[in-house]
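1. Here is my input; please provide its structure:
(chains A, B and C)
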Amino acid sequence: MEMYQYTATELSSMLKKKECSAVEVTESVLKRVHAVENQVNAYVTVTEELALKKAEEVDQKRAAGEPLHDLAGIPIAIKDNICTKGVKTTCASRMLENFVPPYNATVIEKLDSCDYVPVGKVNMDEFAMGSSTETSYFKKTSNPNRLDCVPGGSSGGSGAAVSAGEAVLALGSDTGGSIRLPASYCGVVGLKPTYSSVSRYGLVAFASSLDQIGPLGRSVSDVAMLYSAICGHDPHDATSAMREYADFNASLQPDIKGKVIGLPKEYFGAGVSDTVKSKVMEAVKEMERQGAAVKEISLPSTDYALNAYYIISSAEASSNLARFDGVKYGYRAKDYRNLEELYEKTRSEGFGDEVKRRILLGTFVLSSGYYDAYYKRAKLLQKQIGEEFRQAFESCDVILTPTSPDTAFKLGENIGDPLKMYATDICTVTVNIAGLPALSIPCGKDETGLPVGLQLIGAKFSEQKLLNTALAYEQAVGGFNQIPEIK
Amino acid sequence: MEYEIVVGLEVHAELNTKSKIYCECHNAFGLEVNTQCCPICMGMPGTLPTLNEKVVEKAIKMGHALHCDINRICKQDRKNYFYPDLPKAYQISQFDIPLCEHGYVEVMVEGEVKKFGVTRIHIEEDAGKLLHGGESFDGSLVDFNRCGVPLIEIVSEPDFRSSADAKAYLEALKSILLYLDISDCKMQEGSIRCDVNVSVRPKGSDAFGTRVEMKNVNTFSGAVRAIDYEAARQIEVLENGGTITQETRRWDDARGVNELLRSKEDAQDYRYFPEPDLPTIVVSQEKVDELKESITELPNLKVIRYVTEFGLSQTDAETIIDSMEKSAWFEEVVAAKACNAKTAANWILGDISKFMNETGKSLSDTQLTPNKLAELISYIESGKISNAAAKQVFEVLLQENREPMDVIKEKGLMQISDEGALEKVVADVLAGNEKSVADYRNGKTNALGYLTGQCMKATKGQGNPQKLKELLLAALSGE
Amino acid sequence: MIDIKHIAKLSKLRITAQEEEKFAEEMEKIVDMIQNLPQLDDTGALIDPSNPMILREDTAAQHFKRDALMQNAPQTKAGCVVVPKVVE
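-> So this is what the prediction gives:
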């Protein structure tokens, strides 16, 4: 077995016991990148030299007997909308093709202090807007399980890199499902944390009130380890919660017996494919066998959630992306006669169609005369959705749904149809609207070999409960960790 | 037809905090371009704002000073527009729930106390500066140093009926901002600026006319000129049968005219919405009360009191109150009850101001105290020393920690006012200067000056000159 | 009908006549979908006193050099970012 195939949890223990070195692990992962990257296309930037340098430092520190974090020497891929000092951060956009941040995101500072090994920056939908990673300006990433299919989005590079063994762990960001959908499509574990638990400082904003950085990995324990390293209050992010967090990995234990799992009927409706439904229900049966109690519930506002999501996220995006104007950084159009032309040409040439669509939509819903009908109503609905979840968690420990109505679609299949693309987020957006944590874990594959994912949703700050429930299932099915053979 | 002018003002004041409103950069003026900025105030991707607590506190203090209701639970909003000096392409401001609202301020205008309504006070960030290159360079340069400097915007009701009203209000705001240490109010640095809304209506009418907003008013005297110009322009339009259109005009103070900037149709759609990066502002009631208690008597009310209580002129009152130290000394000298308030005011405006201006020193750097000054003034009033002698004593008291009377005695400055003693001096002088007496009696009245001088000489300068002159005249006419 | 030209202008996006048609059509569909929202009572959802903001202490520090902040600027001169001439 090659080094890159191990989980972070396994590697961490091997490194501690000096059964292998960080350089060996890093070299193995980089070798894998070289072997499969031209088929998978997960990376925008591979930081090979930096990775090896960091790995050497870790080995030296270990040799010197310094106390090291569990993540020390673990190769991690970073979504390309998370600012890395001195390393290009493009958001997969022509607009930021050559943007090199002068500062690190808080999560990067945290991982640096854990001595992680930065493998590189991974592909995504442009400015995280999309569900397939096809809106990237640079390249289309393939699903490692089937190269003619999308990896999901917007953190498609994160999902694909982890799934293909091109990274042991990855950071993604999730505004409406952008960690969970790729996790589900690629067959890995992805956590969208409670809003406010992970600092957004240095995450290039898409929709500030919904965005959250989170981990992707090949096991529940790996995800718990990475989440523990990045969560916590940050004085640089005013929306970050002031609270203490447990070590989620140290407290991780299979715990499902007696837990009440709520199945909201709105998430198992007509739009969900039979395969997904049957795979998810098989997993539910397995959980029942492990001692969980299952309960049907209703979250009636779900039907409107996607609408509220597109209003709120586009409104915020239209404002957040206004700063890309060709003045201070990023792309600037070549020919312009005056300021107005500089703005319009820069933005028209620098942004792709999907980004433009969201900016137009967001500008429209905030424009004079429409604010109350759209934005305000969406915010009121948001409050109601939060209330429905709060009530649901009075009688359930976790809520279980499919992560996506279907398995990964073919590259190019939905690109011309925004509404169809938007519908892939139907199971995930409600969680962002309510600010809740949710975990996507694999629950089998369809007949073509594409993974199916299920989503566990918890009350705010109940990540430990989600992870413990998922671990029980993971152990019952004998683990998720299977890197597909890339043909 | 006779017209009435209606003016409303929007005043922006930069707060004198140590750091900017949303980042740790120094809130400093006049430093080298783009050296007082960071990724946050330059609006780099991924950065987030964190609100400076002193901004909230200073704004609330101003709210109290202007008798506002404090919205201790409020939020911030984004105002979206593109301009090169606005790096995020939105300004973080406050829209529907300002920190303070529904206030008023009482101001003395030409001797009359007037009350002007204050609609709201909100907090927001300043923009950067555009530098326009010379002829050699066809472009503009952006300096981000001012981005994120904290501002409060104080919006008035349309309560001013003349440019004098507006000026008095602006001066009052400035004095309050200085008194409460909220802003340095340095006009030349642009730390206080205003937009002016002007309309006119037939005198006696209740309905408002169409208002015109004027930008680029950078000084208070400029505001007076801008208001008078715009009111005259509107009246002329109306007199010629025209109508006023709602528009924004730019004031050009150098040329003394304004010109159209944009019409109502071009009004920007700012697409305000709640700032998602900043949670709700919640200030405790205790904090709000504490800030209220920290406010002492404000300069605008002091002016009113000095005029009504002490009988000072409005100008004298304002001049004293302009300086916190002068005002404090004035009050203490008056409180000593040794002398007349007007005499005290004259000393503060005269010798004290002269000393402060010439040396650039504060009175606290000297050995003088208000009580000693009061004592000194009382000696002049009671005729114990002359004005000239008092100035000598004053100079000593600035330098040395001594009692005024000790200095007077040591220097022999005590004035002789005893009539018996002075009559003897007069008699002696007249007896010894027969020629001058004769001259005087022959109509050479300037001989009186010589005789007075001789009397002063005889008393070694300590004779009360007024008394001596009276006695001389009596003696000369009596014989 | 959405005035796509006006919205594009507000957004500082230049769209061709061809794009205008495409975006207008897509936007109509999207807006048709998203406007389906329930009518709810205004419960002051935009302000949440249960989650008060922690304010920053007023201390100043300089962490960045000008060169580092200007390194991504498309055009600079005399330590400033350059833009086409603007007058207001």
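2. Ramachandran angles for residue A:216?
-> phi -130, psi 140 (degrees, to the nearest 10).
3. how about the strands in chain C?
-> Secondary structure of chain C (DSSP state E): strands located at C:76-77, C:80-83.
4. Please produce TSV containing those, extended by mean neighbour count.
-> Bear in mind the C-beta positions are built from the backbone N, C-alpha and C, glycine included. Converted to TSV, the strands of chain C look like this (neighbours: other Cβ atoms under 10 Å in any protein chain shown):
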stretch	mean neighbour count
strand C:76-77	15
strand C:80-83	24
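5. which stretch among those strands comes nearest chain A?
-> strand C:80-83 (5.7 Å; Cβ to the nearest Cβ).
6. roughly how far is the helix or strand of chain C with the lowest mean pLDDT from the heart of the chain?
-> Lowest mean confidence among the helices and strands of chain C (mean pLDDT, DSSP states H and E): helix C:17-34, at a mean of 91. Per Cα atoms, centre = their mean, to the nearest Å, the displacement of helix C:17-34 from the mean C-alpha position of its chain is 20 Å.
7. Stretch A:31-47 now?
-> 19 Å.
8. Flag every buried residue along it.
-> Across stretch A:31-47, burial judged by 16 or more other Cβ atoms under 10 Å in any protein chain shown covers A:32-33, A:36-37, A:40-47.
9. Tally up the residues packed near the residue lying closest to residue C:24 once chain neighbours are set aside, please.
-> Nearest non-adjacent residue to residue C:24, counting by Cβ to Cβ, 6 or more residues apart in numbering or on different chains: residue C:4, 4.5 Å away. Close neighbours of residue C:4, defined as other Cβ atoms under 10 Å in any protein chain shown, add up to 22.
10. Break chain B into its domains for me.
-> Per the record, chain B has its domains at B:3-291, B:323-410, B:419-478, by automatic domain parsing.
11. Name the residues that touch the least confident helix or strand of chain C?
-> A:306-307, A:310-311, A:356-357, A:360-361, A:364-365, A:374, A:418-419, A:422, C:1-2, C:4-5, C:8, C:15 (Cβ atoms under 8 Å, 6 or more residues apart in numbering or on different chains).
12. Going through those residues, which ones are buried?
-> Among those, the ones that count as buried by 16+ other Cβ under 10 Å are A:306-307, A:310-311, A:356-357, A:360-361, A:364-365, A:374, A:418, A:422, C:2, C:4, C:8, C:15.
13. Quick one: list the elements packing against whichever helix or strand residue B:229 is part of.
-> Using DSSP states H and E, residue B:229 falls within helix B:220-239. Using 3 or more Cβ pairs under 8 Å, 6 or more residues apart in numbering or on different chains; DSSP states H and E as the contact definition, the elements that helix B:220-239 packs against are strand B:3-14, helix B:163-179, strand B:192-202, strand B:212-217, strand B:247-252, strand B:257-263.
14. Can you lay out those as TSV showing distance to residue B:293?
-> Listed next are these as TSV, based on distance: least, Cβ to Cβ, whole Å:
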stretch	distance to residue B:293
strand B:3-14	23
helix B:163-179	15
strand B:192-202	26
strand B:212-217	35
strand B:247-252	40
strand B:257-263	44
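15. and of those, who's closest to residue C:52?
-> Nearest of the helices and strands packed on helix B:220-239 to residue C:52, taken as Cβ to Cβ: strand B:3-14 at 26.2 Å.
16. what ranges do the strands span in chain A?
-> For chain A, the strands defined by DSSP E cover A:43-46, A:75-79, A:117-122, A:169-174, A:189-192, A:212-217, A:260-264, A:293-297, A:398-402, A:438-445, A:451-457.
17. what sits against the residue in the stretch 101-250 of chain B that chain C sits nearest to?
-> Nearest to chain C in the stretch 101-250 of chain B, going by Cβ to the nearest Cβ, is residue B:141, at a distance of 3.6 Å. Contacts for residue B:141 (Cβ under 8 Å, 6+ apart) come out as B:33, B:130-133, C:77-78, C:80-83.
18. mind redoing it with 6 Å?
-> Residues near residue B:141 by Cβ atoms under 6 Å, 6 or more residues apart in numbering or on different chains: B:131, C:80.
19. just residue A:49 next, same as before
-> By Cβ under 6 Å, 6+ apart, the contact set of residue A:49 is empty.
20. Surely residue A:46 and residue A:120 touch.
-> Yes - contact criterion Cβ atoms under 6 Å: residue A:46 and residue A:120 qualify, at 4.0 Å.
21. Distance-wise, check the residue nearest the centre of chain C relative to residue A:29.
-> The residue lying closest to the centre of chain C (Cα atoms, centre = their mean) is residue C:11, at 7.8 Å. Residue C:11 sits 41 Å away from residue A:29, going by Cβ to Cβ, to the nearest Å.
22. Could I get the helices and strands packed on helix B:220-239 in CSV, plus columns for distance to chain C, mean neighbour count and mean pLDDT?
-> Below are the helices and strands packed on helix B:220-239 laid out as CSV (distance: least, Cβ to the nearest Cβ, whole Å; neighbours: other Cβ atoms under 10 Å in any protein chain shown; pLDDT from 0 to 100):
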stretch, distance to chain C, mean neighbour count, mean pLDDT
strand B:3-14, 14, 21, 97
helix B:163-179, 17, 22, 95
strand B:192-202, 13, 22, 95
strand B:212-217, 8, 20, 93
strand B:247-252, 8, 19, 94
strand B:257-263, 7, 14, 92
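23. Go through these and name the closest to residue B:441.
-> For these, proximity to residue B:441 was assessed by Cβ to Cβ; helix B:163-179 is nearest, at 58.1 Å.
24. For that closest one, report the contacting residues that lie outside it.
-> B:7, B:11, B:13, B:65, B:105, B:107, B:109, B:116, B:160, B:183, B:185, B:220, B:223-224, B:227-228, B:298-300.
25. now swap in stretch A:478-487 and tell me
-> A:5, A:7, A:36, A:39, A:144-145, A:165, A:218-219, A:442, A:474.
26. Could you dump those into CSV with pLDDT and distance to chain B added?
-> What follows is the contacts of stretch A:478-487, written out as CSV (pLDDT from 0 to 100; distance: Cβ to the nearest Cβ, whole Å):
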residue, pLDDT, distance to chain B
A:5, 97, 33
A:7, 97, 30
A:36, 98, 30
A:39, 97, 31
A:144, 98, 29
A:145, 97, 32
A:165, 98, 29
A:218, 97, 28
A:219, 97, 29
A:442, 98, 31
A:474, 98, 33
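27. among those residues, which are in helices?
-> Secondary structure from DSSP state H places A:36, A:39, A:474 of those in helices.
28. what about residue B:93, distance to residue A:209?
-> 18 Å.
29. go on, residue B:108?
-> Distance from residue B:108 to residue A:209, by Cβ to Cβ: 49 Å.
30. what residues does chain C put near chain A?
-> Proximity of chain C to chain A, by Cβ under 6 Å from any Cβ of the partner chain, involves residues C:7, C:10-14, C:26, C:29, C:34, C:36-37, C:40, C:45-46, C:53, C:68, C:72-74, C:81, C:83-84, C:86.
31. Nearest to chain B: which residue in the stretch 301-450 of chain A?
-> Residue nearest to chain B within the stretch 301-450 of chain A: residue A:322 (3.4 Å; Cβ to the nearest Cβ).
32. Nearest spatial neighbour of that residue, chain-adjacent residues omitted?
-> Here the residue nearest residue A:322, using Cβ to Cβ, 6+ apart, is residue B:89, at 3.4 Å.
33. Please name the residues that touch that neighbour.
-> A:322-323, B:82.
34. most surrounded residue in these?
-> Highest count within these by other Cβ under 10 Å belongs to residue A:322, 26 neighbours.
35. who in the stretch 301-450 of chain A is up against chain C?
-> A:304, A:307, A:310-311, A:327-329, A:332, A:338-339, A:342-344, A:347-348, A:356, A:359-360, A:363-364, A:377, A:379-381, A:383, A:418-419.
36. among the residues you listed, which ones are buried?
-> In terms of neighbour count (16+ other Cβ under 10 Å), the buried residues within those are A:304, A:307, A:310-311, A:327-329, A:332, A:339, A:342-344, A:347-348, A:356, A:359-360, A:363-364, A:377, A:379-381, A:383, A:418.
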